[in-house]
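> Got a predicted structure plus its sequence, pasted below:
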Number of protein chains: 2
Amino acid sequence: MLELFKSIKLDKNSGAPLYMQLFNVISSMIDKGTLLPRTKLPSIRQMASLLDVNTVTVVNCYRQLELKGYVYAKKSSGTYVSTVLPPVDKKEYANKYDYVDKNVILDEIYPGEDISILTSKIRFDKKTINFASATPSSNLFPVEDFKLVLNEVLDRDMGNAFNYQDSQGYRPLRFSISNLLKEHSVNCSEDDIIIVSGAQQGIDIISKTLLKDGDHVITESPTYRGAVAVFNSRRAVVTDVELEEDGLNLNLLEYHLKKHRPKLIYTIPAFQNPTGVSYSKSKRKQLVMLAEKYDTYIIEDDYVSELDFENKNFKPVAYYDKSGRVIYIKSFSKIFMPGLRFGFMVVPPHLKKHILGAKHATDISTSGLIQRALDLYIRKGFWHKHFYSMYETYKNRYTKVVNSLEKYKTDNISYKKPGGGLNIWLKLPYNCVVNSLLERAASNNIVFTPGRIFFSSTSSNLNNIRLSFAAVEDDKIEAGIEKLCKLI
Amino acid sequence: MLELFKSIKLDKNSGAPLYMQLFNVISSMIDKGTLLPRTKLPSIRQMASLLDVNTVTVVNCYRQLELKGYVYAKKSSGTYVSTVLPPVDKKEYANKYDYVDKNVILDEIYPGEDISILTSKIRFDKKTINFASATPSSNLFPVEDFKLVLNEVLDRDMGNAFNYQDSQGYRPLRFSISNLLKEHSVNCSEDDIIIVSGAQQGIDIISKTLLKDGDHVITESPTYRGAVAVFNSRRAVVTDVELEEDGLNLNLLEYHLKKHRPKLIYTIPAFQNPTGVSYSKSKRKQLVMLAEKYDTYIIEDDYVSELDFENKNFKPVAYYDKSGRVIYIKSFSKIFMPGLRFGFMVVPPHLKKHILGAKHATDISTSGLIQRALDLYIRKGFWHKHFYSMYETYKNRYTKVVNSLEKYKTDNISYKKPGGGLNIWLKLPYNCVVNSLLERAASNNIVFTPGRIFFSSTSSNLNNIRLSFAAVEDDKIEAGIEKLCKLI
């Protein structure tokens, strides 16, 4: 063992400090596996005498090795080689286009049979015209600004950012959010807000609080399948109600409320996913009244109401709620960074204690570091800056999609301009087989999401597709729509 | 409005760049609220002519303002004042000793009636001798090293770190963990590992996968109440079985297995929380056999097996499992940073698909940034370095607690040396009223956790207390134990 070190040659005349020369030799022995993890290095005295150098040289070298993670010191025992693994191959993991993109789609639609068409038959690469993803592409994320606040938080709060956090959420962040929410006509204080790890967790925690086996839940048809997956996981009975152009069919809704006495109504009232439908003011109000009348709760999933390109200025359903029937859930995933896993709920006071208990039992709290960084991000005004840039980007894409559709679509393709959001819902001709269209489009490098994915299995109205424009590059939109219209 | 700016005086002879002078004036107007959020600033031309400066000066100033978050540019519209909130008062939130510490306790014991004694009657301050918290104090966290890897990840992966992530977890991290696990005698590949947001979420997701209303679950008595809270939230029927000095009473266990056919057994086989008990090798093996025989699963919550101060070298229960009966859950919260919310599970192959579905429906994935940073932290060898330092710290505290107990305890106080972990379980004399002791100790600045918190309500064996030494400072241990022994 000592032989291994004896053979080390340092060049006293090279000008490079001896301790760095020694560092380079030993670190490369570790990198190559010549020195195995857990190997004990010679003591400082031993090493100095072996190489005929000053002990200070060895001390400095060992300190560098420790700093870079190559070795660790075990108190009153010695210096040992760490288990250093090879660095992650950036190409292999971080940038693999199809790897990342499949996950984006996996988020949008709950994994199941349906996904296989999108993930197995289609290759994503740089040429793909992606109308399938409703999530912004990574290059739109404000990484530099976020890095800045992360570092400021680490310097400011140190270890406190990493200890257990308040289950309800970091109070200053709740304050920042209550401030932002005023712009969305949601009046609440920081005490009404509960921070969660994404809107998905919000829906899950509400279900945990309110549902037991066999309870009924009402959803829109079509709807976001991730929510249905949660209700199924609680073994609830899910009844879907037809979504009309201005919101749920309220007669049908009341029929089911009477018949099933559901515990929950799940709704996405603004630029609904997948249809783009927004509820009229009147239906928003009536929804709240019906929830009161039939003693049930509404989950309002506000996923992109702020992307209001035609100034519809609808107030959230929660705005009309005077008796604590609406649980308002929001994440910023479509505007900000979905992988942060961050969202929040505004909850009626009488439910707060129960929901907090459920959050605590679920995962104790949401990451303190992320919460603190986000708070600072909002406080510094970065949030607004980023939002306006995203708003412009999305509005531009929306306009391009709508203009191209007007230009190229045939008479038997129909849709309603949603006026905002991230999705356009196309009705295809009766004789168009969506599965076959999916494959033909794929061989032309175009992907979209088949509409049936958003319906429960009992639905028959399946000749729709969802075009999303969150991730598609501006300069590919017109060509993509033109080609797609020809293929239909 | 323009008047407001007209009055600005810049000093062309001061030597300070004009754009910075202008930046200082405008930013302070925003800080003071003279300029309200959403106010439109004069155009660059207007401002330059108002102040009689070059337009470049204004451009540079506006750029600085944007960089610092004071303003945002709205494309083809102008420059607007951001909603800048006052900075967080460090004193108020980040460092408030009692605020942080109450949360530490709230993690350990599920919030409920019991907690009120600890959180309302006791003030935590610098003088407190804290035997209540089983979580390391924040000053032990390796904040600087973690900051280093966070920044390296941000530079390396950029936006990819913030997009939706693989629900199973970042693959390179799973690889790093499978490598670490070899040291714990858990042989698995990265494909068997599922990343979760803390051990608590692991228990929750397993319950979601395996339990439905009315199913039976077996726990140790006493046990970690956070797990019981999860089972209750699934409306399972929890039966507790007496924990002996070498593990569960297996006769009792088999009786309940026969009678109730439970879906799950929840166990903490190494340095159990709260008792410090470790299962014998024989009981570990028999536990697996019984799970096979009665067709049930075992959750092995390995919360601190690595804090093995007397070289017991027990293998995990999962080691003896040949038929996929054990779900091994681990977080590093007690060694690392609990507020990161990070943990993982090693799951039997036939359960993997179902568990992944439940994870996806729960919160889609765990934070990508944290996963990538942790991976790099392990790869660089920082993990081992930190672990050995924590091991030494905890071992030292353990030795101090045990030695002090030997020195000061009276004959009617009894305990078993656990040989590791973070807790000592004391049996008090029959006539000692724990609630009154708690209050007397508190007035002497000593806190501990009453044992009854870890029992279900039907238990009668309540004259115990748990002394934890994760957060108590070395130099307070002996004095604390001496005083406490006198008070009993």
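Structure's in. What do you need?
> Please make it C-alpha for all contacts and neighbour counts, starting now.
Will do.
> Please see if whichever strand or helix holds A:E152 touches chain B.
A:E152 belongs to helix A:143-157 when elements are defined using DSSP states H and E. Yes. Against chain B, helix A:143-157 shows contacts by CA under 8 Å from any CA of the partner chain at A:143, A:147, A:151, A:154, A:156-157.
> go on, stretch A:304-315?
No. If you take CA under 8 Å from any CA as the test, stretch A:304-315 misses chain B, and the best it gets is 14.3 Å.
> The residues of helix A:143-157 next to chain B: which two are farthest apart?
Spatial extent of those (CA to CA) is set by the pair A:V143 and A:D157 at 20.7 Å.
> for the lengthiest helix in chain A, which positions count as buried?
In terms of residue count, the longest helix belonging to chain A (DSSP state H) is helix A:382-408. Across helix A:382-408, burial judged by 16 or more other CA atoms under 10 Å in any protein chain shown covers A:382-395, A:397-398, A:400-402, A:404-405, A:408.
> and those residues near chain B, which?
By CA under 8 Å from any CA, the members of these lying near chain B are A:382, A:384-385, A:388-389, A:392.
> Kindly reformat those as a markdown table containing distance to A:T219 and pLDDT.
Formatted as a markdown table, these follow (distance: CA to CA, whole Å; pLDDT from 0 to 100):
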| residue | distance to A:T219 | pLDDT |
| --- | --- | --- |
| A:F382 | 35 | 89 |
| A:H384 | 32 | 86 |
| A:K385 | 35 | 86 |
| A:Y388 | 32 | 88 |
| A:S389 | 33 | 89 |
| A:E392 | 32 | 92 |
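> show me the contacts for the closest residue to A:R440 other than its chain neighbours.
Using CA to CA, 6 or more residues apart in numbering or on different chains and skipping the chain neighbours, the partner closest in space to A:R440 is A:L487 (7.3 Å). Going by CA atoms under 8 Å, 6 or more residues apart in numbering or on different chains, A:L487 touches A:437, A:440-441.
> again, but for A:V25
The contact partners of A:V25, taken as CA under 8 Å, 6+ apart, are A:I8.
> Give me the phi and psi for it.
Phi and psi for A:V25, reported as degrees, to the nearest 10, are phi -60, psi -50.
> where does chain A dip in pLDDT?
For chain A, the stretches flagged by pLDDT under 70 are A:1, A:89-124, A:457-461.
> In it, which strand is the longest?
Using DSSP state E to define each element, chain A has its longest strand at strand A:237-244.
> excluding its backbone neighbours, what's nearest A:P87?
Setting aside the residues directly before and after it, A:P87 is nearest to B:R379 in space (CA to CA, 6+ apart), at 6.8 Å.
> Against A:D125, how distant is the one you found?
For B:R379, the distance to A:D125 (CA to CA, to the nearest Å) stands at 30 Å.
> quick one on the thing from earlier: list only buried entries from the residues of helix A:143-157 next to chain B.
Applying 16+ other CA under 10 Å to the residues of helix A:143-157 next to chain B flags A:143, A:147, A:151, A:154, A:157 as buried.
> Output these in CSV; the columns should cover distance to A:P349.
As requested, these are exported to CSV (distance: CA to CA, whole Å):
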residue, distance to A:P349
A:V143, 36
A:K147, 36
A:N151, 35
A:L154, 33
A:D157, 31
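> helix or strand right after the longest helix of chain A?
strand A:423-427.
> May I see the buried residues of the helix or strand following that following strand?
On the C-terminal side of strand A:423-427, the closest following helix or strand by DSSP H and E is helix A:434-442. For helix A:434-442, the buried set under the neighbour-count rule, 16+ other CA under 10 Å, comprises A:434, A:437-442.
> Counting by contacts, list what helix A:434-442 packs against.
In terms of contacts (3 or more CA pairs under 8 Å, 6 or more residues apart in numbering or on different chains; DSSP states H and E), helix A:434-442 is packed against strand A:449-450, helix A:474-487.
> Most tightly packed of the ones you listed?
Of all these, strand A:449-450 carries the top mean neighbour count, a mean of 24, counting by mean count of other CA atoms under 10 Å in any protein chain shown.
> and A:K126, how many neighbours does it have?
A:K126: 10 surrounding residues under other CA atoms under 10 Å in any protein chain shown.
> Helix, strand, or coil at it?
Three-state call for A:K126 (DSSP: H, G, I helix; E, B strand; the rest coil): coil.
> residue ranges for the helices of the stretch 201-350 of chain A, please.
With helices called from DSSP state H, counting those that start in this stretch, the stretch 201-350 of chain A shows them at A:225-233, A:250-260, A:281-293, A:349-363.
> what packs against the first one?
In this case it means helix A:225-233. Counting contacts by 3+ CA pairs under 8 Å, 6+ apart, helix A:225-233 is packed against helix A:97-108, helix A:199-210, strand A:237-244, helix B:349-363.
> closest one to A:H184 among those?
Of all the helices and strands packed on helix A:225-233, helix A:199-210 comes closest under CA to CA, at 17.0 Å.
> out of the helices and strands packed on helix A:225-233, which comes closest to A:V217?
A:V217 sits nearest to strand A:237-244 of all the helices and strands packed on helix A:225-233, at 4.9 Å, using CA to CA.
> Convert the C-alpha atoms of that closest one to PDB, please.
Output in PDB follows, covering the C-alpha atoms of strand A:237-244 (Å, rounded to 0.1, in the frame of the first residue of the first chain):
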ATOM      1  CA  VAL A 237     -67.300   6.800  -7.600                       C
ATOM      2  CA  VAL A 238     -66.700   9.300 -10.300                       C
ATOM      3  CA  THR A 239     -69.700  10.600 -12.300                       C
ATOM      4  CA  ASP A 240     -68.900  12.900 -15.200                       C
ATOM      5  CA  VAL A 241     -71.300  15.600 -16.400                       C
ATOM      6  CA  GLU A 242     -71.300  17.100 -19.800                       C
ATOM      7  CA  LEU A 243     -69.400  20.300 -20.300                       C
ATOM      8  CA  GLU A 244     -71.200  22.900 -22.500                       C
END
